[in-house]
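Enquirer: let me see the structure of the following:
(one chain, ligands or ions: 1)
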Amino acid sequence: MDGHRACGVRLDPKETLALNGRCPVCGNRVTVGVAHRVEKLADHGEAVRPATAGEVASLPGDSGAGPELFALAEVPVEDIGRADSLLGEAVARLRACAVIRQAGYDGEYGVIRLFEESELDRFTKGDLLFDAPVRRRKRAPKPQAEQSAPVEAPSQPAPSVPAPSARQGVLATLDADQAAAAAMIEGPLTVIGGPGSGKTRMLTRRIAHLVLECGVPAASCLAITFTRKATEELRARLAALLPGVAKDAAVHSFHSLGLAILRTHGTELGLGTDFRIADEKERTAALVAALQISESRATRLVKAVSVMKRTGAIDEGEEGGARAVLDRLGREGNWVDFDDLVALSVALLEERAEIAALWRERFTHILADEFQDVDEQQYRLLQLLAGPGGNLCVIGDPNQAIYGFRGADATCFARFAGDFPDARTARLKHNYRSTGTIVTAATQLMDEAPDGMTRPMEAPIVVRTAADEEAEAAFVAATIEAFLGGHDMLAAHGGKPDRQGDTPLSFADFAVLCRTDAQSAAFREAFDRAGIPFKKSSPAPIAGHAGLGAMLRALERQSDAEAGRDLPGRLAAAAEAARREEDADAAALAEARGWLTTLATSESVGGDVALLAEQIALSTEADFRDARADRVSLLTMHAAKGLEFPVVFVVGMEDGLVPFSWAPSAEQDVHSRAEERRLFYVAMTRAMDWLFLTRTAERFWRGAVRSLPPSPFLGDIADTLTASHTAAKRKPRARQLSLF
Ligand SMILES: Nc1ncnc2c1ncn2[C@@H]1O[C@H](COP(=O)(O)OP(=O)(O)OP(=O)(O)O)[C@@H](O)[C@H]1O
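Expert: As a prediction, this is how the structure comes out:
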């Protein structure tokens, strides 16, 4: 079921929908449960028990009345009632399936009861039915054996109080720095702020300010983010701030904006009106066929061509040759690739001044979030759209630049200052997200002075060494269970988040952040074993996914009659056909069907199958993370960008993983090393209240069990901020014996 544990609200999915997803007590979004997802995905109403179904017998648990099955299934109720009238009533209710079922919601377990509490009081006149008293669910005890001694919260710099905005209207909820940045609406502007400093909050309020208080039409505002998910979240926030007009504002990822430009003017470049976007798998296969080369070589070349297109680099060698072949094949087959969406748009706007002018007229105010991660082509697209001295506001944090390997250039802020000499700079100085302890540790990692914390020093960062990856995952699972059982753990570590108070946590409040996707296997197993619901996400594109391919082929094979149904109906039929006809893996199909159904019902697709293919090309696995679902997030560090969670586990804190390197990290080049440091900085600053850094004494890594040294980044965090403990040694793991 859905609900809010803190507000004591449990809702049927239909009630949630009727309430627009909002809690009737606090007005925030409710945490949705499994039944909600089922309701959303279901293509028919509730199932009806067929007349031919067999009989079902319901048996209660321990009654203490002789052989259980006999007593509970066969002894006449009257006989049991003579011995104990209440027990007789209980057995009668149970056999008639007249139990009270209260579904679980928002981290609360479901309950099955035979009597209402008032009934029980009445029946028993104060006595109880069974020996044990009826209890409310008790919080799980903290895992004593696993914990270190309580640690004194370190005495460190005190939090500062941000100056209020002193403004009325939509900027009133911002602090003075944020409000000043949001109000600088003329000319180019750079907004720089650390993690949790409210950059996204400032961005949405700035658009609302432009529209509601400065008379700028919503349709003249363009906000650009990096992912489809981020655009959706931005749209949702704008809808709340600008009821009625938010839909007119353009919110795009760089690639969806490129697609919009090419759909409007692509014919000027010789593209067919119905060009499509070919995924990496298709392009690799095309290159293999055209050049008669191995798949691994083609894969390497396709990736190299992608970086060339993002960075605008020119190569005359093998990679340049591969690009020319791919471009020719694209023209012949009427397809482009993902990077072309931006690169071709840039080429078009550079060549055709009148088209560039049209787009400039359309968008008079442009905002670009996560500016630190733009690549050369994205930078040029912004420049072309804004024009010299245009109202372009770029927002970001140089310390969070993590996409250098994909061609992003972390020096873009300096370049912006050079290209837009009139640009002003605003700084957001306060971190609203994390405890003082986490903020201080993060600034130590970046060798900066701790500044701008709004929350006091609280629980120390827990640094944990486990015997191996299995033990590491078991520790994380047990810690989550302990947290959900109660907040004793917080007290044990001398920490008690003031902002969260005693608000109960639910699964959605936890994130496990891995450097590589491969690390997630141990966590998936541990969570499955512990019954902890989780959702894994990485920034990998969904195009090329096996289940998705099978679904799309099944969609294509559909008869005219089937193709006449609405898109969700067609997807349901396609999933069934793919399972039957292609023997596709059930889990992969279910995942693909979930993605496609989400896309099919999204605003950008609106039930149109042609638009579905476009959105698939623009989507990554992480775009489908549902923040409302009550699940632990199992994410790669890259996929965690922009998110926040009360409790974060950054796992695999070993040299080779963090920083990630093929060679010993000491040999890593200075740029990669700096980017790995920033990536860890992004990971640790996702934590609001609790941060756990875990490592293993040994792990299976690159084909062998290895002992990797601790991550060198751990040494950059002062001991006074951490509580370290090492698990007891495990028995040696089984090793493959050699025959010789
Ligand atoms: N003025 C404010 N008063 C209270 N809370 C705030 C304020 N500004 C931001 N916050 C809160 O701080 C948290 C971080 O805000 P936001 O996500 O906008 O930060 P960000 O700068 O975009 O972070 P990051 O770069 O790490 O993704 C959010 O929970 C937000 O609600």
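
Enquirer: and the residue of the stretch 501-650 of the chain nearest the ligand?
Expert: Going by CB to the nearest ligand atom, the ligand is nearest to Gly642 of the stretch 501-650 of the chain, at 4.4 Å. C-beta here means a position set from N, CA and C on the backbone, and glycine is covered the same way.

Enquirer: distance check, that residue against Asp397.
Expert: Gly642 sits 11 Å away from Asp397, taking CB to CB, to the nearest Å as the criterion.

Enquirer: and if you look at Met551?
Expert: 38 Å.

Enquirer: so which of those two has more stuff around it?
Expert: Using other CB atoms under 10 Å as the criterion, Met551 and Asp397 rank with Met551 on top: 26 against 23.

Enquirer: is that one in a helix, a strand, or coil?
Expert: Under DSSP: H, G, I helix; E, B strand; the rest coil, Met551 falls in the helix class.

Enquirer: check contacts around it.
Expert: 571, 574-575, 578, 589, 592-593, 596 (CB atoms under 8 Å, 6 or more residues apart in numbering).

Enquirer: try 6 Å
Expert: Shown in contact with Met551 (CB atoms under 6 Å, 6 or more residues apart in numbering): 574, 578, 592.

Enquirer: same check on Ala683?
Expert: 513, 637, 650.

Enquirer: what bridges to the first one?
Expert: Legend: beta-bridge partners of Leu513 under DSSP bridges are Leu635, Val650.

Enquirer: isn't it right next to Ala640, touching?
Expert: Yes - the pair Leu513 / Ala640 is scored as a contact, 5.2 Å apart, by CB atoms under 6 Å.

Enquirer: nearest to the ligand: which residue in this structure?
Expert: Going by CB to the nearest ligand atom, the ligand is nearest to Gly198 of the chain, at 2.9 Å.

Enquirer: who are the neighbours in contact with that residue?
Expert: Gly198 makes contact with 178, 428, according to CB under 6 Å, 6+ apart.

Enquirer: where does it land on pLDDT?
Expert: Looking at Gly198, its pLDDT stands at 96.

Enquirer: could you shift the numbering so residue one becomes 7, and keep it that way?
Expert: In the new numbering, first residue 7, that becomes Gly204.

Enquirer: next one: it from Gly458, what distance?
Expert: Note on Gly204: its distance to Gly458, by CB to CB, is 11 Å.

Enquirer: enumerate the residues of the stretch 407-556 of the chain near the ligand.
Expert: Neighbours of the ligand within the stretch 407-556 of the chain, by CB under 6 Å from any ligand atom: 438-439.

Enquirer: how about low-confidence regions in the stretch 407-556 of the chain?
Expert: 492-509 (pLDDT under 70).

Enquirer: in what helix or strand does Glu367 lie?
Expert: helix 359-368 (DSSP states H and E).

Enquirer: please state the offset of that helix from the chain centre?
Expert: 35 Å (CA atoms, centre = their mean, to the nearest Å).

Enquirer: repeat that for stretch 435-455.
Expert: Centroid separation for stretch 435-455 versus its chain: 23 Å, with CA atoms, centre = their mean.

Enquirer: which outside residues touch that stretch?
Expert: Identification of contacts with stretch 435-455 by CB under 6 Å, 6+ apart yields 162, 165, 168, 183, 200, 202-203, 405, 456, 458-464, 467, 650, 687, 690-691, 693-694, 697, 722-723, 727.

Enquirer: which parts of that stretch are buried?
Expert: 435-449, 451 (16 or more other CB atoms under 10 Å).

Enquirer: all helices of the stretch 557-706 of the chain, in order?
Expert: Ranges of helices within the stretch 557-706 of the chain are 566-569, 573-588, 592-606, 615-624, 676-690, based on DSSP state H, counting those that start in this stretch.

Enquirer: show me which residues of the chain sit near the ligand.
Expert: 180-181, 184, 199, 201-207, 403, 406, 438-439, 648, 650, 691.

Enquirer: narrow those to those in helices?
Expert: 184, 205-207 (DSSP state H).

Enquirer: which one of those residues has the most neighbours?
Expert: In these, the most neighbours by other CB under 10 Å go to Gln184, 28 neighbours.

Enquirer: distance check, that one against Leu240.
Expert: 16 Å.

Enquirer: may I ask which helix or strand of this protein has the lowest mean pLDDT?
Expert: In the chain, the helix or strand scored least confidently by mean pLDDT, DSSP states H and E is helix 494-498, which has a mean of 44.

Enquirer: I'd guessed Val348 sits against Gln383; true?
Expert: Yes - here Val348 reaches Gln383: they are 4.6 Å apart, a contact under CB under 6 Å.

Enquirer: so where is the stretch 107-256 of the chain shaky, pLDDT-wise?
Expert: Where the stretch 107-256 of the chain drops to pLDDT under 70, the residues are 107-117, 119, 121-163.
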